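Participant: compute the structure for the input listed below.
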Amino acid sequence: MKIIRIVLTCLVFALASCKSTQKAQKITSTPKNVILLISDGTGLSQISSAFYFKDQMPNYARFNTIGLIKTSSSQEDVTDSAAGATAFACGIKTYNGAIGVDDDKADAKNLVELVSQKNVKTGMIATSSITHATPASFYAHTASRSSEEKIAEYLVDSDIDFFAGGGLQYFNKRKDNQNLLNSFKEKGFTINTNTLDVFENIKSKKKVGYLLAEGSMPKMEDGRKNFLSQAIDLGTQYLSKDKSPFFMMAEGSQIDWGGHNNDAPYLISELLDFDNAIGKALDYAEKEGNTLVIVTSDHETGGFTLAAKKKKRDDGSEYSDYSEIGPTFSTGGHSATLIPVFAFGPGAEHFDGIYENTAIFDKILEVTGW
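Facilitator: Residues are numbered from 1 along each chain as shown. Below is the predicted model of the structure:
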């Protein structure tokens, strides 16, 4: 009888221990912060180029959790960036060209609007204009992605705490002659149109924005340097300064443009810059310990292929040299290929499998409890 009591007591303690462990696992799988990195126009071949053209191991190799998303918009098999980003930002399928609206052109709540109500700080970064399709979908609502002056007004009135990119002309050289830089000041923003600051210069500021080019930021080939990585570093420091949770979206915008131009050096240089930015985000997440990093793309552009390089023999006949890569393209537009999703940090396991692009929105809200 005494032995039975001892066994039962051990079982009770074991069950209690299991429940405690499960509870601890549940707590540690809930991230405080989320960094969503979007490489516009990037499919598996674009990602693969980092493994052939980067001098060291790409940061993509640091992920263990990988999924796939289906990217079609509501009305087309092949999506554009506006519909693709609206799927991420609002959790809905919509028509190509739509910014934060549904098929009936009604506003759809976006992540920034939803999480700001729960005291989550928010940030937007892009190597395009900050009013371009991808960043715009996280704070604006317009029937057309081309309405960048209207989108600029939404940014001024948004709950975003930090942003960095190009697009200055949509704020101070407008057709309506308004100067929205003054409006930013009225909303508590400190705006810099020259360069990124060091954190010490902005840590006491209420809100901060950087508009560092008239239109898009320069290409990497034209001297943009490490703007994207620096902006992510500055943004994470700024958004976390009061120990608040934060959501940040950062886009490597011009990988897509290299694909549209069928310009492999342009595409690869932008992709390698984006991989460096991934490293910056992962370094922060590893050090902070409670940040979920998600890396994905809205669609693939260019039908990019890492083909064997075409060469000619002495007799003029052509052959494929399998010892050297000669990147090729099949289109100047987008394609409908499935797109990889990489996740690191607490809650990363929720992002494996194959699912619709709208599930990125759902999974972020689910895993954070926002």
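Participant: give me the contact list for whichever strand or helix holds Val295.
Facilitator: Using DSSP states H and E, Val295 falls within strand 291-296. When contacts are defined by Cβ atoms under 8 Å, 6 or more residues apart in numbering, strand 291-296 is touched by residues 31-39, 60, 63, 69, 88, 278, 281-282, 284-285, 339-348, 351, 360, 364, 367-368. The way it works is simple: take the backbone N, C-alpha and C, and place the C-beta from them, glycine included.
Participant: 6 Å instead, please
Facilitator: Applying Cβ atoms under 6 Å, 6 or more residues apart in numbering, the contact partners of strand 291-296 are 31, 33-37, 278, 281-282, 285, 341-347.
Participant: do the same with stretch 145-159
Facilitator: The contact list for stretch 145-159 (Cβ under 6 Å, 6+ apart) reads 82, 97, 99, 112, 116, 131, 133, 136, 139-140, 142, 170-171, 174, 180, 183-184.
Participant: contacting residues around the residue lying closest to Asp161 once chain neighbours are set aside?
Facilitator: Leaving aside its chain neighbours, Asp161 sits nearest to Lys121 (4.8 Å; criterion: Cβ to Cβ, 6 or more residues apart in numbering). Lys121 makes contact with 161, 239, 244, 246 under the criterion Cβ under 6 Å, 6+ apart.
Participant: again, but for Leu234
Facilitator: Counting by Cβ under 6 Å, 6+ apart, Leu234 makes contact with Leu196.
Participant: and it, that one's in a helix?
Facilitator: Yes. Per DSSP: H, G, I helix; E, B strand; the rest coil, Leu234 lies within a helix segment.
Participant: from Ser216, how far out is it?
Facilitator: Using Cβ to Cβ, to the nearest Å, Leu234 is found at 20 Å from Ser216.
Participant: then Ile202?
Facilitator: Using Cβ to Cβ, we find Ile202 at a distance of 23 Å from Ser216.
Participant: same check, this time on Lys54
Facilitator: Taking Cβ to Cβ, one finds Lys54 at 24 Å from Ser216.
Participant: quick one: which of those two has more around it?
Facilitator: A direct count of neighbours by other Cβ atoms under 10 Å for Lys54 and Ser216 places Ser216 higher, at 19 against 16.
Participant: for the nearest residue in space to Ser137 that is not next to it in sequence, give me the pLDDT.
Facilitator: Nearest residue to Ser137, sequence neighbours excluded (Cβ to Cβ, 6+ apart): Ala85, at 3.6 Å. In this prediction, Ala85 carries a pLDDT score of 98.
Participant: contacts only, for Ala85.
Facilitator: Ala85 touches 133-134, 137, 298, counting by Cβ under 6 Å, 6+ apart.
Participant: ok, so of those residues, who is nearest Gly43?
Facilitator: Asp298 (10.7 Å; Cβ to Cβ).
Participant: test my guess that the closest one contacts Ser81.
Facilitator: Yes. Counting by Cβ atoms under 6 Å, Asp298 does reach Ser81; the two are 5.2 Å apart.
Participant: joint contacts of the two?
Facilitator: Shared contacts of Asp298 and Ser81, counting by Cβ under 6 Å, 6+ apart, come down to Asp40.
Participant: partners of Tyr210 in the sheet?
Facilitator: On the basis of DSSP bridges, Tyr210 is bridged to Ala164, Asn192.
Participant: show me which of the contacts of stretch 145-159 are buried.
Facilitator: Buried by 16 or more other Cβ atoms under 10 Å: 82, 97, 99, 112, 116, 131, 133, 136, 139-140, 142, 170-171, 180, 183-184, out of those.
Participant: can you map out the strands along the stretch 101-250 of the chain?
Facilitator: Taking DSSP state E, counting those that start in this stretch as the criterion, the stretch 101-250 of the chain contains strands spanning 121-129, 162-166, 189-192, 207-211, 246-252.
Participant: and the shortest one, how far out from the chain's middle?
Facilitator: Read it as strand 189-192. 23 Å (Cα atoms, centre = their mean, to the nearest Å).
Participant: confirm the residue nearest to Ser137 sits in a strand?
Facilitator: No. With three-state DSSP as the criterion, Ala85 is located in helix rather than a strand.
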